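Trainee: Next one to model:
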Amino acid sequence: MTVSDDFIRGLPKAELHLHIEGSFEPELMFEIARRNGVEIPYATVDDLKAAYDFADLQEFLDLYYAGMSVLRTERDFYDLTAAYVARAVADGVVHTEIFFDPQGHTVRGVAFETALDGIWRALCDAETEHGITSRIIMCFLRHLDEDEAFPVLEQALAHRDRIIGVGLDSSELGNPPQKYQRVFAKARDAGFRLVAHAGEEGPPEYVRDTLDLLQVDRVDHGNAAMADPDLVARLAGEKIPLTVCPLSNYRLQGVTDMSEHPLRAMLDAGLVATVNSDDPAYFGGYVLDNYIAVRDALGLSQEEIVTLAKNSFSGSFLDAGMKADWLSRIDAAAGQYR
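Mentor: Here you go, the predicted structure:
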């Protein structure tokens with residue numbers, strides 16, 4: 001029996017792989033561009049939507065950074081974050097751990113605090129209004145030199161009360177994990193939780209080096225690990241969470257057919273795989289859309305969907321008590337459909 005959309009929506013879920021800048025819907029981008037007097041090379045929202053037809057990760061990143069250019073004020077980051085949260089809540093997300101890319105803003109003269117304050121304020125308001133909890137993870141842009149990351153880390157240290165972790169994103173190929181080994185060591189010593197993109201475009205070795213050299217708490221994507229049985233066994237044995245993004249993988253041609261997506265193989269191998277939306281405005285779907293896509297393509301059972309929802313909390317940076325509470329709530333929600 002097919003698992004219903006309502007069942008999936010009704011399960012409490014955490015989202016662990018969400019770039020807030022990647023939730024920038026064309027309508028909001030157009031609105032903020034007008035508000036800030038920023039010219040963009042699109043006459044209408046439809047023209048802008050057409051630009052979202054990119055062929056690979058690099059073309060996407062070019063558009064992604066262009067979209068960032070309209071974000072100037074704290075209000076802009078507030079509106080961007082509030083819009084994402086509204087979509088997430090509608091999908092049954094009760095906890096989110098979002099990435100932001102300060103280097104993509106400071107290079108344009110937008111202060112670190114301008115972005116952080118807007119995001120933080122929106123998340124605080126969302127918890128008050130919707131009950132959704134959140135954590136913020138600051139990401140380094142891996143196509144830049146490691147030396148440029150150290151000043152960003154220093155800025156983050158002043159906001160340890162609001163930033164729980166650091167991550168590594170942007171172009172993976174040609175930018176191996178060891179490039180950022182020193183700054184990750186310093187972040188670890190400072191008490192930050194650590195995550196990093198690996199195995200999205202890069203080989204299994206990038207996933208292994210992310211574990212060994214960066215010593216991350218969880219791996220973002222991790223798909224390439226499935227080509228290495230020893231690495232899969234290690235990920236399962238150490239219960240390293242993977243923040244998998246199915247529609248993103250399909251849109252960027254990591255898989256050419258959703259029926260070939262490795263998510264089921266990850267579950268069968270006992271990996272702590274989770275479902276996330278990555279950059280939902282660009283990849284055609286938020287969390288619920290991603291669950292539905294893998295349900296349809298892989299024929300996931302109700303039990304497997306429940307496992308994915310539970311993994312999203314097991315792999316989160318919530319404390320043990322909150323994790324246990326949400327796991328029991330998932331069981332209760334699933335029980336209503338039995």
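Trainee: To what extent is the closest residue to residue 256 other than its chain neighbours buried, counted in neighbours?
Mentor: Leaving aside its sequence neighbours, residue 256 sits nearest to residue 250 (CB to CB, 6 or more residues apart in numbering; 7.9 Å). C-beta here means a position set from N, CA and C on the backbone, and glycine is covered the same way. For residue 250, the count of nearby residues is 21 (other CB atoms under 10 Å).
Trainee: What's the separation between residue 250 and residue 30?
Mentor: Distance, residue 250 to residue 30, using CB to CB, to the nearest Å: 26 Å.
Trainee: again, but for residue 306
Mentor: Counting by CB to CB - residue 306 and residue 30 are separated by 39 Å.
Trainee: quick one on the thing from earlier: tell me what the helix or strand where the residue nearest to residue 256 lies is packed against?
Mentor: In the assignment (DSSP states H and E), residue 250 maps to helix 246-251. Here helix 246-251 touches helix 280-283, helix 287-298, going by 3 or more CB pairs under 8 Å, 6 or more residues apart in numbering; DSSP states H and E.
Trainee: Would you mind identifying the helix or strand in this structure with the lowest mean pLDDT?
Mentor: The weakest-scoring helix or strand in the chain, judged by mean pLDDT, DSSP states H and E, is helix 57-68 (a mean of 77).
Trainee: now it, how far from the centre of its chain.
Mentor: From the chain centre to the centre of helix 57-68 is a distance of 16 Å (CA atoms, centre = their mean, to the nearest Å).
Trainee: Next: stretch 14-24.
Mentor: 5 Å.
Trainee: Kindly report the same for stretch 209-224.
Mentor: With CA atoms, centre = their mean, you get 14 Å for stretch 209-224.
Trainee: and it, what's its mean pLDDT?
Mentor: Mean per-residue pLDDT for stretch 209-224: 98.
Trainee: Output it as PDB, restricted to C-alpha atoms.
Mentor: Only the C-alpha atoms of stretch 209-224 are listed here, as PDB (Å, rounded to 0.1, in the frame of the first residue of the first chain):
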ATOM      1  CA  ASP A 209      39.000  12.300   4.400                       C
ATOM      2  CA  THR A 210      36.100  14.300   5.700                       C
ATOM      3  CA  LEU A 211      35.800  11.800   8.600                       C
ATOM      4  CA  ASP A 212      39.600  11.400   9.200                       C
ATOM      5  CA  LEU A 213      41.000  14.900   8.600                       C
ATOM      6  CA  LEU A 214      38.000  17.200   9.400                       C
ATOM      7  CA  GLN A 215      36.600  14.900  12.000                       C
ATOM      8  CA  VAL A 216      33.000  15.900  11.300                       C
ATOM      9  CA  ASP A 217      30.000  14.900  13.300                       C
ATOM     10  CA  ARG A 218      27.900  14.200  10.200                       C
ATOM     11  CA  VAL A 219      28.400  14.200   6.400                       C
ATOM     12  CA  ASP A 220      26.300  16.300   4.100                       C
ATOM     13  CA  HIS A 221      25.300  14.300   1.100                       C
ATOM     14  CA  GLY A 222      27.700  11.300   1.200                       C
ATOM     15  CA  ASN A 223      26.300   9.500  -1.800                       C
ATOM     16  CA  ALA A 224      29.700   8.500  -3.200                       C
END
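Trainee: buried set for it?
Mentor: 209-211, 213-214, 216-224 (16 or more other CB atoms under 10 Å).
Trainee: which ones among these are found in strands?
Mentor: 218, 219, 220, 221 (DSSP state E).
Trainee: in the sheet, who's paired with the last one?
Mentor: It refers to residue 221. residue 198 (DSSP bridges).
Trainee: so who does it touch?
Mentor: Contact analysis of residue 221 by CB atoms under 8 Å, 6 or more residues apart in numbering lists 17, 197, 198, 199, 200, 242, 243, 244, 245, 249.
Trainee: now the last one: how far from residue 255?
Mentor: It stands for residue 249. 5 Å.
Trainee: So for these two, which residues contact both of them?
Mentor: residue 261.
Trainee: Comparing these two, which residue is more hemmed in?
Mentor: residue 249 (23 against 17).
Trainee: Tell me how far that one lies from residue 294.
Mentor: Residue 249 is 10 Å from residue 294, by CB to CB.
Trainee: Isn't residue 316 up against residue 14?
Mentor: Yes: if you go by CB atoms under 8 Å, residue 316 and residue 14 touch, sitting 4.9 Å apart.
Trainee: which residues do those two both contact?
Mentor: Joint contacts of residue 316 and residue 14 (CB under 8 Å, 6+ apart) are 95, 97.
Trainee: Compare these two and say which is more crowded by neighbours.
Mentor: More neighbours surround residue 14 than the other of residue 316 and residue 14, with 29 against 23 (other CB under 10 Å).
Trainee: where does residue 50 land on pLDDT?
Mentor: 83.
Trainee: now swap in residue 1 and tell me
Mentor: 66.
Trainee: returning to that earlier point: would TSV of the contacts of residue 221 with pLDDT be doable?
Mentor: As requested, the contacts of residue 221 are exported to TSV (pLDDT from 0 to 100):
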residue	pLDDT
17	98
197	98
198	98
199	97
200	96
242	99
243	98
244	98
245	98
249	96
